[in-house]
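*Asks:* from the sequence below, what's the structure:
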Amino acid sequence: MGRHTDAHITIDQLAHALRNAEPAAVLTPARIMRRIIRMDRGLTSFLQSVPHRKTYVIESSALLQLVDRDELDLPASLTLPDRVMLIARPRPEHLTSMHQQEVLRYYWRLLYHARIDMEMKQRIEQGHLTPTAAVHRIHAIGQSAFDEAREVMRKEKFLLPPMDNVRVYCEFVALFLELKHFLPRALPRYFPAIDDLKRVEQVFNEDIDSNALLAATRLQGAPLPDAPVRMLVDEDSEKDVANDRPGLDVAKSPKAYANLIARAEKA
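*Replies:* I've put the predicted structure just below:
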């Protein structure tokens, strides 16, 4: 399929669309985002890639101790809420190569993931998701399926420290529900040990109203999740990646499985 020649969206318009859908969303330069995550999480090795670098939830007070407002390219009149969701900014040249609907749908997906991260963080703070509660959730999912998910997310740089059961479970919720709504064919490829996807979703819905959050985070003008679009890459990426690779049996081909994840989620 050739490139679209219809209307495009600018960085400023995308930032505005995100803030309209979620006032806590901040479109952030990718290199600044990497630095924020490294400093906030105490990641000392600059030779390793930064995990979870597409979205990051952080207190505004902590954020502004790590970077200046000018580095975030924030409007002077914008007052940040107490907690924000940083979302990696795309390269301008990628925006000019894609129709605005493609961009809006992809950033809806990122915002959805970030909003789940924020909701799960609040669940922990409010005492609803304790270590004991997490153990019960893991038991309902299945220990082997959870262990597999932990390993996949660790290797593919989804997990931030600390990597205890509660935090791993939270990221599992966010990634599973993101894929379920936006890339459902990839679910059994990411998590082949799960034999009942609906049962796992029911467990996660004890903590998250996934459908309500999906509706609440939709950017104005974004096409529905089942509309075919190309994925967008952020400022650190050198090329576009495909949405999916139909027919790949990751259970029989671990190397192909790793390549799928690398292409789909290391953008």
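*Asks:* where in this structure is pLDDT low?
*Replies:* Scanning the chain for pLDDT under 70 picks out 1-6, 45-47, 228-267.
*Asks:* residue boundaries of the helices in it?
*Replies:* For the chain, the helices defined by DSSP state H occupy 11-21, 30-41, 60-66, 92-96, 100-125, 131-141, 143-155, 165-182, 187-190, 197-204, 210-216, 254-265.
*Asks:* quick one: which of the ones you listed is nearest Pro81?
*Replies:* helix 60-66 (6.6 Å; CB to CB). In short, each C-beta sits where N, CA and C put it, glycine included.
*Asks:* one step back: need the helices of the chain in CSV with distance to Pro81 and mean neighbour count, can you?
*Replies:* As requested, the helices of the chain are exported to CSV (distance: least, CB to CB, whole Å; neighbours: other CB atoms under 10 Å):
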stretch, distance to Pro81, mean neighbour count
helix 11-21, 11, 17
helix 30-41, 17, 18
helix 60-66, 7, 14
helix 92-96, 26, 14
helix 100-125, 11, 22
helix 131-141, 27, 16
helix 143-155, 28, 17
helix 165-182, 20, 22
helix 187-190, 32, 19
helix 197-204, 25, 16
helix 210-216, 15, 15
helix 254-265, 28, 16
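*Asks:* list the contacts of Pro51.
*Replies:* Neighbouring residues of Pro51 by CB atoms under 8 Å, 6 or more residues apart in numbering: 37, 157-160.
*Asks:* please apply the same query to Ser60.
*Replies:* With CB under 8 Å, 6+ apart, Ser60 has these contacts: 80-84.
*Asks:* generate a PyMOL selection restricted to the buried subset of those residues.
*Replies:* Here is the PyMOL command that selects only those of these that count as buried (16 or more other CB atoms under 10 Å):
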select buried, resi 80+83+84
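*Asks:* Ala114: which of the contacts of Ser60 is nearest?
*Replies:* Nearest to Ala114 among the contacts of Ser60, with distances taken as CB to CB, is Val84, at 9.4 Å.
*Asks:* got a list of what the closest one touches?
*Replies:* Here Val84 is in contact with 24-26, 57-60, 63 (CB under 8 Å, 6+ apart).
*Asks:* cool, Val67 as well?
*Replies:* Counting by CB under 8 Å, 6+ apart, Val67 has contacts 32, 35-36.
*Asks:* pipe these into a markdown table and attach distance to Ala215 per row.
*Replies:* What follows is those, written out as a markdown table (distance: CB to CB, whole Å):
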| residue | distance to Ala215 |
| --- | --- |
| Ile32 | 30 |
| Arg35 | 34 |
| Ile36 | 29 |
